[in-house]
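Engineer: task: produce atomic coordinates for the following.
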Amino acid sequence: MCTDHSHDLGDDGGVSLIESVDIESVRCLNEAVHGSCKTIIKHYEDRDNAEPYMESNEDDVEMIMHVPFTEGVRLTQISVTGHTSGSAPSTLKLWSNRPDIDFSNASDLPPAQTIELVDPDTHNSFEGNLDYPLRGSKFNNVTHLTIFFEENFGADITRINYIGFKGARTNTRHGIVQCVYEARPVPGDHQKVKDEGTGGVI
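Structural biologist: Below you'll find the predicted structure:
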């Protein structure tokens, strides 16, 4: 159920896009608890809450998160809050409208943008108020965002407490783009992918 959260605003006035996220279709490869990725996309006023959270399988810090939107959006900022003790992600790579990305090709495809994140152990960023700007030309009409959490700050797992998006709606219907994807299936889409629940390869 969608409600009006017009107060979901950052300090710079950027509008939160949480109501445009297709929460039920959000998925993550290599998350320790299946479906936990859906719980970290929180409203702005809940950004300080350490729970619920998402973490990777033990001894494997990488995760690939797929975030579909119900409509086209222009992304201007992303906010990511990781946990302390070295488990916060240190690097993330972003792709626009590439739902086919998994562990078999993520390292080979150039991302639309790479972001070096702040370490919460050395900076007071646990409050979730660090907004990382995105390149406008790369994220103008996004219906699907892929996020590759590639590294962290030294822990055996990666743990993320909050993720948020800011920008504007473009009023582009997601279904039109989705039909294009369905007409062009990716060979081996279910092969060489880390299992979402166990981290194994299927």
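Engineer: secondary structure element for Phe148, which one?
Structural biologist: Secondary structure assignment for Phe148, by DSSP states H and E: strand 142-152.
Engineer: tell me what that strand is packed against?
Structural biologist: strand 63-82, strand 89-96, strand 159-173, helix 174-183 (3 or more Cβ pairs under 8 Å, 6 or more residues apart in numbering; DSSP states H and E). Quick note: C-beta positions are derived from backbone N, CA and C, even for glycine.
Engineer: where does the prediction get shaky in the chain?
Structural biologist: Applying pLDDT under 70 to the chain flags residues 1-14, 124-129, 172-202.
Engineer: export the helices and strands packed on strand 142-152 as a markdown table, with columns for distance to Val15 and mean neighbour count.
Structural biologist: Output for the helices and strands packed on strand 142-152, formatted as a markdown table (distance: least, Cβ to Cβ, whole Å; neighbours: other Cβ atoms under 10 Å):
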| stretch | distance to Val15 | mean neighbour count |
| --- | --- | --- |
| strand 63-82 | 9 | 22 |
| strand 89-96 | 19 | 21 |
| strand 159-173 | 6 | 20 |
| helix 174-183 | 18 | 12 |
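Engineer: any chance of JSON lines for those, columns distance to Asp131?
Structural biologist: Output for those, formatted as JSON lines (distance: least, Cβ to Cβ, whole Å):
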{"stretch": "strand 63-82", "distance to Asp131": "4"}
{"stretch": "strand 89-96", "distance to Asp131": "14"}
{"stretch": "strand 159-173", "distance to Asp131": "7"}
{"stretch": "helix 174-183", "distance to Asp131": "24"}
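Engineer: relative to Glu62, how far out is Leu145?
Structural biologist: 17 Å (Cβ to Cβ, to the nearest Å).
Engineer: typed the wrong thing, it's Leu75
Structural biologist: Leu75 is 22 Å from Glu62, by Cβ to Cβ.
Engineer: same deal with Ile147?
Structural biologist: Distance from Ile147 to Glu62, by Cβ to Cβ: 11 Å.
Engineer: which of those two has more residues huddled nearby?
Structural biologist: Neighbours were counted for Ile147 and for Glu62 using other Cβ atoms under 10 Å; Ile147 has more, 24 against 20.
Engineer: hang on, the earlier thing: buried ones in the strand holding Phe148?
Structural biologist: Val142, Thr143, His144, Leu145, Thr146, Ile147, Phe148, Phe149, Glu150, Asn152 (16 or more other Cβ atoms under 10 Å).
Engineer: direction included, what does it pair against?
Structural biologist: Note on strand 142-152: by DSSP bridges, its sheet partners are strand 63-82 (antiparallel), strand 89-96 (antiparallel).
Engineer: you'd agree Glu51 is in a strand?
Structural biologist: No - Glu51 is assigned coil when assessed by DSSP: H, G, I helix; E, B strand; the rest coil, not a strand.
Engineer: contacting residues for it?
Structural biologist: Glu51 sits next to Asn161 when contact means Cβ atoms under 8 Å, 6 or more residues apart in numbering.
Engineer: 10 Å instead, please
Structural biologist: Counting by Cβ atoms under 10 Å, 6 or more residues apart in numbering, Glu51 touches Thr39, Ile40, Asn161.
Engineer: tell me how many other residues crowd the second one.
Structural biologist: Burial measure for Ile40: 24 neighbouring residues, criterion other Cβ under 10 Å.
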